[in-house]
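[1] Please find the sequence and the predicted model below.
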Amino acid sequence: MNSMVLVYMLWAIFGLFLKNHAYKREMFYRRNEHHQNMLPENADVNLIGFSNASLAECSKHCLLGGANCLGVFHNKETQSCKLLYDNLVEGLVFQTRTDWNFFSVNPCQIGWTYYKENCYYLNQTGTTWESARSQCLTSSSHLAEIESIEENSWILGTLAPAQCFDSWVECVFWIGGNDLDNEGSFVWSSDNTALDFDNWSPVEPNSYTDYDDCIVVIYPGGAWADFGCTAKVPFLCKKAQSSL
């Protein structure tokens with residue numbers, strides 16, 4: 001068989017493979033309810049666009065982008081789309097744009113990560129525990145309440161502080177546990193209920209100072225420690241996907 005013919009045949013098979021997988025992946029894409037009739041400002045600069053493209057074709061392009069492609073903004077009327085990649089998420093500002101909708105596997109709003117009916121957001125900006133609690137409330141969430149070793153392990157494997165290898169302090173993040181009201185009796189900040197699950201380090205909680213009243217998760221092992229609440233470290237917000 002002529003080598004050029006073989007190359008064309010292989011490309012044709014590869015094309016059919018991509019098309020088939022794009023359509024399969026599209027079945028898992030759903031219109032994200034958080035971003036209907038919306039498009040980021042300066043979308044032509046921040047997103048990778050295609051014209052004369054159906055949602056299925058845009059899904060194919062997203063498939064080629066791998067896991068870094070978070071989803072597709074698609075305009076059914078103009079048959080055009082813009083692909084969102086994870087390195088473009090920070091600082092997005094949305095504007096109303098009729099007929100543009102966002103399709104994604106992840107049902108959470110852009111920037112949040114889905115796991116077992118909940119959405120999570122790790123804010124990399126260091127702040128105090130009280131400030132972190134307030135910022136989570138502003139986004140209709142609360143400081144994360146970790147309820148099982150499986151959830152703790154998922155967080156470790158999925159959401160890691162960006163500066164973890166630059167500073168030990170930045171290798172921890174706030175969650176909602178605290179004993180601010182009653183020393184030694186840790187509760188969750190959202191409703192003051194006692195912890196049903198914990199993952200304390202062997203030497204924790206130790207109340208090393210009088211201000212060690214707030215819980216952090218430590219990388220890379222995922223153990224918990226009581227920490228001075230005025231320290232400025234990253235924090236993890238969590239909210240139920242059904243409440244969005």
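    It's in.
[2] What is the burial count for the closest residue in space to Leu39 that isn't next to it in sequence?
    What sits nearest to Leu39 in space, not counting adjacent residues and going by CB to CB, 6 or more residues apart in numbering, is Arg97, at 4.0 Å. To be clear about C-beta, it is placed using only N, CA and C from the backbone, and glycine gets the same treatment. Neighbours of Arg97 under the rule other CB atoms under 10 Å: 15.
[3] And for Val93?
    Using other CB under 10 Å, Val93 has 8 neighbouring residues.
[4] just Asp198 next, same as before
    Counted with other CB under 10 Å, Asp198 comes out at 15.
[5] packing partners for the helix or strand that contains Leu70?
    Element membership of Leu70 [criterion: DSSP states H and E] is strand 69-75. In terms of contacts (3 or more CB pairs under 8 Å, 6 or more residues apart in numbering; DSSP states H and E), strand 69-75 is packed against strand 30-40, helix 55-64, strand 80-85, strand 94-104.
[6] Which residues does the first one contact?
    Defining contact as CB atoms under 8 Å, 6 or more residues apart in numbering, one finds that strand 30-40 is touched by 46-47, 71, 73, 82, 92-110, 244.
[7] okay, how far is it across stretch 126-142, tip to tip?
    17 Å (CA to CA, to the nearest Å).
[8] and it, which residues are buried?
    Gly126, Thr127, Thr128, Trp129, Ser131, Ala132, Arg133, Gln135, Cys136, Ser141, His142 (16 or more other CB atoms under 10 Å).
[9] model confidence over that stretch, on average?
    For stretch 126-142, mean pLDDT rounds to 96.
[10] on that earlier part again, name every strand pairing with the strand holding Leu70 and say which way it goes.
    strand 80-85 (antiparallel), strand 94-104 (antiparallel) (DSSP bridges).
[11] So which of these has the densest surroundings on average?
    strand 80-85 (a mean of 22; mean count of other CB atoms under 10 Å).
[12] Just want the angle from that strand to strand 30-40.
    Using axes from the mean of the first three to the mean of the last three CA atoms, to 10 degrees, the direction of strand 80-85 lies 90 degrees away from that of strand 30-40.
[13] Restricting to C-alpha, output strand 80-85 in CSV.
    Only the C-alpha atoms of strand 80-85 are listed here, as CSV (Å, rounded to 0.1, in the frame of the first residue of the first chain):
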residue,chain,number,x,y,z
SER,A,80,-19.8,30.3,16.9
CYS,A,81,-18.0,29.3,20.1
LYS,A,82,-15.2,30.3,22.5
LEU,A,83,-13.3,27.7,24.5
LEU,A,84,-12.4,28.4,28.1
TYR,A,85,-9.1,27.1,29.4
